[in-house]
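Colleague: Predicted model and sequence follow; I will ask about them next.
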Amino acid sequence: MPELPEVETIVRQLRNYAIGRRIDKAELLRESMLKRSTLPFDDFFRNCSFAKIDRRGKYIIFSLDNGSRLLAHLGMTGKFVVSENENTADKHLCSRYIFDDGGCLDHIDIRRFGRLETYRENESIPVLERLGIEPLSDDFDASSLKAVISTRNGKTVRTRAIHTLLMDQRLIAGVGNIYASEALFRAGIRPVRKASRVKKKELPLLAESLKKVMEESLEEGGTTVSDYRRVDDKPGNFKEFLRVYGRAGEPCRKCGTEIKRIRLNGRSAFFCPECQR
DNA sequence: CTCCGATCCTGATGGC
DNA sequence: TGCCATCAGGATCGGA
């Protein structure tokens, strides 16, 4: 499942591969993936090329040279893969962008939990406006984490589990199951602990942990658990560095205690009962 | 505010 | 060998 480091890896590769190449044809093979209907899909890409590719949270924003934008979310199993020609098509091909030099960019999503949206120049993108702070930005530190964690309006106490809160895209953008679990392990905090019970003294380490684990993963091209692939169709290498995620029943790398898996609001969380309190 | 369940979807897995 | 049922889960939405 692509989270921030995976999406950032994809975006960086996409910039190298797709920017400036003229799009001959765009095809939408899974029509239900396009959530906002405007023009026919191929008309949207007529006579243009990708000018800019950006990431916000887990979203990819493709800006065309005519000012229009394509918004993509990869859901659980989505990927963008480059290929030399258009002769072969994956069974789960959702959309495809064929360049005038014969190469093409394939958008594949087995479970189709992802989505595409198209926007004209100057149109606002509502889903992006609802996103919280970028954890890899300079703005993200102990004090901004405190602002997110403790209260929203100065009165309400946050009773949700810290793990649940870290994954709330309205608060922090781009954190999913893997990095929430990994950051909490590094910070020595149990995923079930109520956000309001995270002490002020723990905040610098938690903020730093989240930042570091995502930066380290980015260095390795992200984490491949099952479906995630980079644009060159290679897996990310960070899985072997994970300390708790997906390691239920295995010994903690720090103390040897068995790693536990629990369910929190329908999501899996992994932790070491000894190292995290 | 917070949680819960349903929705979208396919592949892997386990039982019989 | 094969046919169900179950499960996983990112985001959204309606309801409690």
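Modeller: That came through fine. Small disclaimer: the values here were computed from a predicted structure and weren't measured.
Colleague: and stretch A:187-199, anywhere near DNA strand C?
Modeller: No: contact of stretch A:187-199 with DNA strand C (CB under 7 Å from any atom of the strand) is absent, the minimum separation being 12.7 Å. In this view, the C-beta of every residue, glycine as well, is placed from N, C-alpha and C.
Colleague: What lies in contact with that stretch?
Modeller: A:149-150, A:157-163, A:165, A:180-181, A:184, A:202, A:205-206, A:209, A:262, A:264, A:269-271, A:273, A:275-277 (CB atoms under 8 Å, 6 or more residues apart in numbering).
Colleague: Just the buried ones from the residues you listed?
Modeller: A:149-150, A:158, A:161-163, A:165, A:180-181, A:184, A:202, A:206, A:209, A:264, A:269-271, A:275-276 (16 or more other CB atoms under 10 Å).
Colleague: sorry, back to before: which ones among the contacts of stretch A:187-199 lie within strands?
Modeller: A:262, A:264, A:269, A:270, A:271 (DSSP state E).
Colleague: isn't the last one right up against residue A:257?
Modeller: Think residue A:271. No: checked against CB atoms under 8 Å, the pair residue A:271 and residue A:257 is beyond contact range at 10.1 Å.
Colleague: Tell me the residues of chain A that contact DNA strand C?
Modeller: Close to DNA strand C, as judged by CB under 7 Å from any atom of the strand, chain A has residues A:1, A:57-58, A:73, A:75-76, A:111, A:113, A:127, A:130, A:167, A:169, A:176-177, A:263, A:266-268.
Colleague: Of these, select the buried ones using a ChimeraX command.
Modeller: Those of the residues of chain A next to DNA strand C that count as buried under 16+ other CB under 10 Å are selected in ChimeraX with:
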select /A:1,57,58,73,75,76,127,167,169,176,177,267,268
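Colleague: Restricted to helices, list the residues of chain A next to DNA strand C.
Modeller: Among the residues of chain A next to DNA strand C, the residues falling in helices (DSSP state H) are A:127, A:177.
Colleague: which of the residues of chain A next to DNA strand C are close to DNA strand B?
Modeller: Answer for the residues of chain A next to DNA strand C near DNA strand B (CB under 7 Å from any atom of the strand): A:111, A:113, A:266.
Colleague: By pLDDT, give me the weakest of those.
Modeller: Lowest pLDDT of those: residue A:266, 85.
Colleague: Distance-wise, check that one relative to residue A:201.
Modeller: Distance from residue A:266 to residue A:201, counting by CB to CB, to the nearest Å: 31 Å.
Colleague: Longest strand in chain A, by number of residues?
Modeller: Every strand in chain A considered (DSSP E), the longest is strand A:48-56.
Colleague: Okay, buried residues for it please.
Modeller: Buried residues in strand A:48-56, counted by 16+ other CB under 10 Å: A:49, A:50, A:51, A:53, A:55, A:56.
Colleague: Equivalent analysis for stretch A:108-120, please.
Modeller: Buried, per 16+ other CB under 10 Å, within stretch A:108-120: A:108, A:109, A:110, A:114, A:115, A:116, A:117, A:118, A:119.
Colleague: Ramachandran coordinates for residue A:42?
Modeller: Dihedral pair for residue A:42: phi -70, psi -30, per degrees, to the nearest 10.
Colleague: Next, count neighbours for it.
Modeller: 12 (other CB atoms under 10 Å).
Colleague: which SS state does the closest residue to it other than its chain neighbours fall under?
Modeller: Distances taken as CB to CB, 6 or more residues apart in numbering place residue A:26 nearest to residue A:42, at 5.1 Å, with adjacent residues excluded. Put simply, residue A:26 is strand when judged by DSSP: H, G, I helix; E, B strand; the rest coil.
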